[in-house]
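Asks: The following comprises the amino acid sequence and a computationally predicted model.
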Amino acid sequence: MNTPIDDGNNNLRYAEYVLGVLDADTRAAVAHEIETTDEAATAVALWQRRLMPLADQITEVAPAPYVWARIHDALQLDAPARVQPSRKGLWENLQLWHWLGIGASVVAAALLVVVSLPHLAPSPAVVSAGYMASTIQQDNGVTGWTATMDLQHARMVVVPATPVAFAQGHAPELWLIPAGQKPIAVGMIARDKPTTLTLDPTLLAQLGPTAALAVSVEPLGGSPTGQPTGAVIAKGAISGAPDAGDHTSKVASLYDRHAGHTSA
Amino acid sequence: MSVASPADRDELNSLLIQTGRNDQKAFAELYKRTSSKLFGVCLRMLHDRGEAEEVLQETYSTVWRRASTFNPAKASAITWLITLSRNKAIDRLRQHREEQLGDPSRLNEIVDEQPTPAADAEASQEYRRLQLCLDELEPQQRDSVREAFFTGATYNELATRCMVPLGTMKSWIRRSLMQLRTCLDQ
């Protein structure tokens, strides 16, 4: 078939490249030309200007928040702390948990390090965005628990800072309270050791700086009504990642010292 | 994100230029204002959320590293960004081209991306000009160009989907491209 092509094949190739119809090899060849010759670069830029307005009609779709968190982490923006490569058994290391327990203010941040360890690539990884933390304090100002929320993996780790005494048959239950709304049950937590909880999408959607966490005294099996039935003994606001980034570096260096101490 | 007005366009240009100077705030703002569009582009081509997320991440990582090479005299920021995301999505498609060719569910999957009247009213001047030129093409050829642009399909894939010989598809597209150029460059 005759086609009214009044132009060199080259220009056509650049148009085809921009439209996206070339196979992998031809695309690679054109991409190389663009890198190496001004003529190709200019021709391709002209075709982009001509054709790219078609994208106006593509429906916008907001990406999930963790995509930005991943980009932020991958590019090491804000120079967040580097985490030491994973060491086996850290999660079970009671000595570490005890040590962490002595400094309640840094526990939540420490968890940023610990929570992320199972997902670490072999190379040192970075922890920053994608996490939220809360210090859950008793009325007397003493920290009862600290909670760290890993948004990407939809889980929360709650660590007791100061073990609280409970009457026989009673245990702490954790609640999420979105601003101006009823508490949502998160789950039963241990009074003397870390608890990992899975966050369902409803909970995940409510996490944010306007929500709070609270702990109430409930029967061992949890509140029978779906709402707190016993006294609320501790509360805490939820804070986002920027604050956590700061703590992380502090804890990472503390952790180094701790690790050095135990091996000495 | 709206890039229909020249003011929006200028703002995005300046955000991208600042990003090229390692300004993290500008980069975050640029992401906020353009990621939904770019994610739409990736999703439209890849049909898979996870893959589209990966390509979006690759795209913005490249934006961060290469923003300093952006030249507003050559292209607007949004053109530069969409081009980058399309290129990465097309590369990804080519990596598993064989799987896609072997998947009969993708045949005849011509998705109609005809703009709605409302969308048309909000469209940029550039888009309206392009649409006028596209309207001058034969319907089949116009559809082939749109399908190629939105799905990133190769000539071979397009020919299969439209059930025409490869040579016919090539000549439809090539003729359309030359006609578009003549129309747009007037």
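Replies: Great, that's in hand. Numbers count the residues shown, from 1 in each chain, chains lettered A, B, ... in the order given.

Asks: Domain boundaries for chain B, per the record?
Replies: According to automatic domain parsing, chain B comprises the domains B:1-95, B:113-186.

Asks: Using CSV, lay out those together with mean neighbour count.
Replies: In short, each C-beta sits where N, CA and C put it, glycine included. Shown next, in CSV, are the domains of chain B (neighbours: other Cβ atoms under 10 Å in any protein chain shown):
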stretch, mean neighbour count
domain B:1-95, 19
domain B:113-186, 18
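
Asks: Quick one, which of these gets closest to A:Asp23.
Replies: Nearest to A:Asp23, of all those, is domain B:113-186, at 5.2 Å by Cβ to Cβ.

Asks: Show me what the host helix or strand of A:Thr26 is packed up against.
Replies: Assigned by DSSP states H and E, A:Thr26 belongs to helix A:24-36. Packing partners of helix A:24-36 (3 or more Cβ pairs under 8 Å, 6 or more residues apart in numbering or on different chains; DSSP states H and E): helix A:9-19, helix A:38-51, helix B:77-95.

Asks: before we move on, the earlier item: now mean pLDDT too, for the domains of chain B, in CSV please.
Replies: Below are these laid out as CSV (pLDDT from 0 to 100):
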stretch, mean pLDDT
domain B:1-95, 91
domain B:113-186, 86
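
Asks: would you list the ones you listed in JSON lines and tack on distance to chain A?
Replies: Putting the domains of chain B into JSON lines (distance: least, Cβ to the nearest Cβ, whole Å) gives the following:
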{"stretch": "domain B:1-95", "distance to chain A": "4"}
{"stretch": "domain B:113-186", "distance to chain A": "4"}
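
Asks: Let's test this: mean pLDDT of stretch A:76-93, rounded?
Replies: Mean pLDDT, stretch A:76-93: 43.

Asks: how many neighbours does A:Ala179 have?
Replies: 10 (other Cβ atoms under 10 Å in any protein chain shown).

Asks: And the one 3 residues further on, by the same measure?
Replies: Look at A:Lys182: counted by other Cβ under 10 Å, it has 10 neighbours.

Asks: can you redo the helices and strands packed on helix A:24-36 as JSON lines with distance to A:Asp192?
Replies: Below are the helices and strands packed on helix A:24-36 laid out as JSON lines (distance: least, Cβ to Cβ, whole Å):
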{"stretch": "helix A:9-19", "distance to A:Asp192": "63"}
{"stretch": "helix A:38-51", "distance to A:Asp192": "62"}
{"stretch": "helix B:77-95", "distance to A:Asp192": "49"}
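
Asks: quick one, domains of chain A?
Replies: Split by automatic domain parsing, chain A gives A:9-57, A:65-263.

Asks: Confidence-wise, which of those is weakest overall?
Replies: Of all the domains of chain A, mean pLDDT reaches its minimum on domain A:65-263 (a mean of 69).

Asks: Can you list the residue ranges for helices in the stretch 101-250 of chain A?
Replies: Ranges of helices within the stretch 101-250 of chain A are A:104-116, A:201-206, A:241-263, based on DSSP state H, counting those that start in this stretch.

Asks: In chain B, mark out all the strands, start to finish.
Replies: Applying DSSP state E to chain B gives no strands.

Asks: how about the helices in it?
Replies: B:6-20, B:24-46, B:49-66, B:77-95, B:97-101, B:117-122, B:125-135, B:139-151, B:155-162, B:166-184 (DSSP state H).

Asks: Dump those into JSON lines; add distance to A:Pro160 as well.
Replies: Converted to JSON lines, the helices of chain B look like this (distance: least, Cβ to Cβ, whole Å):
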{"stretch": "helix B:6-20", "distance to A:Pro160": "44"}
{"stretch": "helix B:24-46", "distance to A:Pro160": "36"}
{"stretch": "helix B:49-66", "distance to A:Pro160": "36"}
{"stretch": "helix B:77-95", "distance to A:Pro160": "46"}
{"stretch": "helix B:97-101", "distance to A:Pro160": "50"}
{"stretch": "helix B:117-122", "distance to A:Pro160": "54"}
{"stretch": "helix B:125-135", "distance to A:Pro160": "59"}
{"stretch": "helix B:139-151", "distance to A:Pro160": "54"}
{"stretch": "helix B:155-162", "distance to A:Pro160": "58"}
{"stretch": "helix B:166-184", "distance to A:Pro160": "66"}
